[in-house]
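> Sharing a model prediction with you, sequence too.
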Amino acid sequence: RMETDCNPVELPNNMGFEEDSDYRDFEGTDVKDMRLEAEAVVNDVLFAVSNMFVSKTLPCAEDVAYINVETRERNRYCLELTEAGLRVVAYDFDQTDDRLQTPYHETVYSLLDSLSPAYREVFGNALLQRLEALKKDSQ
């Protein structure tokens with residue numbers, strides 16, 4: 001069911017940083033790899049859109065990743081994910097348009113809610129089903 005357009009990043013088991021590592025300055029700070037963050041975003045909401053995947057064409061870095069999304073209305077967007085949040089950077093896959101000045105959204109839910117009524121409906125129904133299941137479990 002899930003369509004991905006890139007391979008998940010393989011992480012070694014020995015992720016401890018040595019003392020002489022270049023990363024010692026970052027100790028205690030929250031350094032995120034945006035590609036991993038982007039994969040998590042995709043996995044969270046893929047069920048409520050037609051297609052969504054991390055771009056393999058546009059560069060991912062520690063501070064930015066790009067996600068392609070096609071809504072159930074068949075509208076395509078390229079989203080930029082940064083520490084500031086998510087925003088639309090183009091109206092097609094694997095594109096960026098510097099002239100676009102779209103607002104940042106704190107969450108993918110908020111962004112998709114503003115773009116796609118069908119997303120809102122599917123997501124709302126899924127939420128309702130979960131609540132119903134929880135209600136049954138607690139009885």
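Structure's in. What do you need?

> CA atoms for contacts and neighbours, from now on please.
OK.

> Neighbours of L134, how many?
Neighbourhood size, L134 [other Cα atoms under 10 Å]: 11.

> Which helix or strand contains it?
helix 117-138 (DSSP states H and E).

> Which secondary structure elements does that helix sit against?
Helix 117-138 is packed against helix 108-115, with contacts defined by 3 or more Cα pairs under 8 Å, 6 or more residues apart in numbering; DSSP states H and E.

> Now do the most centrally placed residue in the chain against K136, distance only.
Residue closest to the average C-alpha location in the chain (Cα atoms, centre = their mean): V41, at 2.8 Å. Counting by Cα to Cα, to the nearest Å, the gap from V41 to K136 is 29 Å.

> which secondary structure element contains the residue nearest to the centre of the chain?
With DSSP H and E as criterion, V41 is part of helix 34-45.

> strands paired with the following helix or strand past that helix, and their directions?
Using DSSP H and E, the helix or strand that follows helix 34-45 in sequence is strand 51-54. Under the criterion DSSP bridges, strand 51-54 sits next to strand 65-70 (antiparallel) in its sheet.
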